[in-house]
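> For reference, the sequence and a predicted model appear below.
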Number of protein chains: 2
Amino acid sequence: MVVAVADQIHNHVLDELPAGPRRTLAQAATAEFGRRGYHATTTRHIAEHAGMSPAGLYVHYSSKAELLFTISRIGHEAVLNDCLAALEDITAPAERIRVFVQTFTVWHAVNHNLARVLQYEIRALEPEHFKIIAAIRQQTETFAASVFAPLVSDPNMLRTHTIAILSLGIDVARWYTPGHSPDPESVGQAYADLVRGLLR
Amino acid sequence: MVVAVADQIHNHVLDELPAGPRRTLAQAATAEFGRRGYHATTTRHIAEHAGMSPAGLYVHYSSKAELLFTISRIGHEAVLNDCLAALEDITAPAERIRVFVQTFTVWHAVNHNLARVLQYEIRALEPEHFKIIAAIRQQTETFAASVFAPLVSDPNMLRTHTIAILSLGIDVARWYTPGHSPDPESVGQAYADLVRGLLR
DNA sequence: GTCTATAGGTAGATAGAC
DNA sequence: GTCTATCTACCTATAGAC
């Protein structure tokens, strides 16, 4: 079943946190923020999802804002690191592009709920938190551009192509619906093929 | 100046409403919802932006939810109608695709603030409102698929291509920043070129 | 139709017992 | 570390004067 697999991998990203209430709360908050949005989600929703009282949350997180920041930081680092790791041993430019698009796309399909928090709730971050997140996003964008650069000579076109290709992956988080959409690997493969045509 | 032009055309969409407090409030709400999100925006923000007291809003709208629905309905109808109108006299399949992509993309760049409300705040709509909006979105998606169909024989690929191409346009609303991003026409042209390569 | 004032509800966060 | 109870603040919406 697609839903179960997606949930497993989804939880896997936040497994960077040691097992315990802090991780449980981060998982609960990700589910709620992803479905309803940060401002529509109450601390009571999160606590109930995590199986504890509203007050219990504040033993492990100082605020709702810290919970969002923690999720956002781990998520943003995970996308970047997964893409870096996937391309580590690949040197052929065309193959690097193919694997990048596939990895980035699959990540957003598998982690569509977490990805929605990353992409939609940036403006809900507090200013100091926003700066840190923006820096990670900049790294991801710069890395993507470096992957596409060998096949795009014009710098202006490189910028447009990079934004467009990242858009394809990012927007998967918006429309992806487990059970209704094709499985993540299929989407990733289809998008990698699309981009190959796009860059010729 | 790019900002001024974008604001003019932005306001133009809501000019479907007769001039008066109802239109002024819809414009104010669009600006606030687009910047901060529906749930982070208070009725006081909207009233202040529109230059009236918090209570004044309720003379013209029954609730904050009705304001969102009004904006969402007019905006969704505008995208669909603009695309239909742009393709009315065009029969050549490749040209229809080019003009569709350009129109859809430019619309989301010019109306990026309104477009954010359309794309990000669907889940904030009340159930009855959601049904009506979903029906308009379905029409737009069906129309897009009919435009691409002549150049994509495999039905499965048609669905993937349609989603991907709509994603490109929709995601413009997320990243477009007047003054920093290229002007809307340039983005539309670049994306139309990209899609031409993508469909070959 | 506009305002000031406020009702009624609920949010984030804390106090203090166990 | 968990709970129940609650504080304080603010939000949507209404009442009622002008």
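On my side now, so go ahead. Predicted model only: the values in this text are computed from it and were never measured. Numbers count the residues shown, from 1 in each chain, chains lettered A, B, ... in the order given.

> okay, CA-based contacts and neighbour counts for the rest of this
Noted.

> Can you pull the phi/psi pair for residue A:92?
Its backbone dihedrals place residue A:92 at phi -60, psi 120, with angles given as degrees, to the nearest 10.

> Please enumerate residues in contact with stretch A:17-27?
For stretch A:17-27, contacts defined as C-alpha atoms under 8 Å, 6 or more residues apart in numbering or on different chains pick out A:11, A:14, A:15, A:46, A:47, A:50, A:57, A:60, A:61, A:67, A:70, A:71.

> The longest helix seen in chain A and DNA strand D in contact?
Taking DSSP state H as the criterion, chain A has its longest helix at helix A:64-87. No - contact of helix A:64-87 with DNA strand D (C-alpha under 7 Å from any atom of the strand) is absent, the minimum separation being 14.9 Å.

> dump the residue contacts of the residue nearest the centre of chain A.
Of all residues in chain A, the one closest to the mean position by C-alpha atoms, centre = their mean is residue A:115, 3.7 Å from it. Taking C-alpha under 8 Å, 6+ apart as the criterion, residue A:115 is in contact with A:34, A:75, A:108, A:170, A:173.

> which strands and helices sit next to the longest helix of chain A?
Other helices and strands packing on helix A:64-87, by 3 or more C-alpha pairs under 8 Å, 6 or more residues apart in numbering or on different chains; DSSP states H and E, are helix A:2-14, helix A:21-36, helix A:93-110, helix A:112-120, helix A:127-148.

> Please compute how far it lies from its chain's middle.
Computed by C-alpha atoms, centre = their mean, to the nearest Å, the separation of helix A:64-87 from the middle of its chain amounts to 7 Å.

> okay, the angle between it and helix A:21-36?
In this structure, helix A:64-87 runs at an angle of 90 degrees to helix A:21-36, with axes from the mean of the first three to the mean of the last three C-alpha atoms, to 10 degrees as the basis.

> Relative to DNA strand C, how far out is residue A:52?
As for residue A:52, its distance to DNA strand C is 12 Å (criterion: C-alpha to the nearest atom of the strand, to the nearest Å).

> which stretch of helix or strand covers residue A:178?
Secondary structure assigned from DSSP states H and E places residue A:178 in neither a helix nor a strand.

> quick revisit: list the buried residues in the longest helix of chain A.
Of the residues in helix A:64-87, those scored as buried under the neighbour-count criterion (16 or more other C-alpha atoms under 10 Å in any protein chain shown) are A:64, A:67-69, A:71-80, A:83-84, A:87.

> With stretch A:146-160 instead?
With burial defined by 16+ other C-alpha under 10 Å, the residues of stretch A:146-160 counted as buried are A:147, A:148, A:149, A:152, A:158, A:159, A:160.

> ok now do the second one, which residues does it touch?
Spelled out, that is residue A:148. Residues near residue A:148 by C-alpha under 8 Å, 6+ apart: A:93, A:97, A:158, A:162.

> ok, of those, which one's closest to DNA strand D?
Within the set of the contacts of residue A:148, residue A:162 lies nearest DNA strand D; the separation is 37.3 Å, counting by C-alpha to the nearest atom of the strand.

> which of the contacts of residue A:148 count as buried?
In terms of neighbour count (16+ other C-alpha under 10 Å), the buried residues within those are A:97, A:158, A:162.

> excluding its backbone neighbours, what's nearest the last one?
So the one you mean is residue A:162. Sequence neighbours aside, residue A:145 is the residue nearest to residue A:162 in space, at 5.7 Å (criterion: C-alpha to C-alpha, 6 or more residues apart in numbering or on different chains).
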